[in-house]
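Novice: sharing a sequence plus its predicted fold:
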Amino acid sequence: MIELFSDEWINKLKDLWNAEPEVSEKLAEINFNSVITCGFKDEEKPRCVFVVENGKAVSAGLYNGEEPDWDMRADKKNWEKWMAKPLTMTTMGIAVATGKLQFKKGDFKAMIKNPSMAVPFIKSFELMTKI
């Protein structure tokens, strides 16, 4: 099993992202560009970074001071649970409402109300189960 948030892990996610039309092509349709980071909520800095340009993941690696547009955090136990069984629209809302999933950067409420962003975002959690 690949270590969560390692360079290998985030690059595998990048490859899966680009190979999944429901994510990369749908986000390209809305010219989605973003710097996405993720990590553990008890740590000051995120663990890894993922850069998306026009829907495609163009780079991924360990966090090195990049300014994120989106920064998602959870504790290790929850990340591991979601790697086994991905979040759905409903369970993601519950995870955010209960603080299990935190957005240190990014407007979750605006994103989740926009189907052109929400559907690919949920799908990206499904991709994590393939790593």
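Specialist: Arrived safely. Residues are numbered from 1 along each chain as shown.
Novice: contacts, neighbours, all on C-alpha from now
Specialist: OK.
Novice: which stretches of this protein form helices?
Specialist: 7-19, 24-29, 76-84, 89-97, 108-112, 115-128 (DSSP state H).
Novice: what is the least confident helix or strand in the protein?
Specialist: helix 108-112 (a mean of 89; mean pLDDT, DSSP states H and E).
Novice: flag every buried residue along it.
Specialist: Across helix 108-112, burial judged by 16 or more other Cα atoms under 10 Å covers 108, 112.
Novice: just give me how far it sits from the chain centre.
Specialist: Distance of helix 108-112 from the chain centroid (Cα atoms, centre = their mean, to the nearest Å) equals 13 Å.
Novice: mean confidence for stretch 32-41?
Specialist: Averaged across stretch 32-41, pLDDT comes to 97.
Novice: any weak-confidence spans in this protein?
Specialist: Flagging of the chain using pLDDT under 70 yields the residue ranges 1.
Novice: now with 90?
Specialist: 1-2, 109-110, 112 (pLDDT under 90).
Novice: mind listing residues that contact the least confident helix or strand of the chain?
Specialist: Outside helix 108-112, the residues that touch it by Cα atoms under 8 Å, 6 or more residues apart in numbering are 117-118.
Novice: can you count the residues close to S6?
Specialist: 15 (other Cα atoms under 10 Å).
Novice: how close does it get to G55?
Specialist: S6 sits 22 Å away from G55, going by Cα to Cα, to the nearest Å.
Novice: likewise V49?
Specialist: Counting by Cα to Cα, the gap from V49 to G55 is 15 Å.
Novice: okay, these two: which has more neighbours?
Specialist: V49 (26 against 23).
Novice: list the residues that contact the more buried one.
Specialist: 10, 35-38, 60-63, 66.
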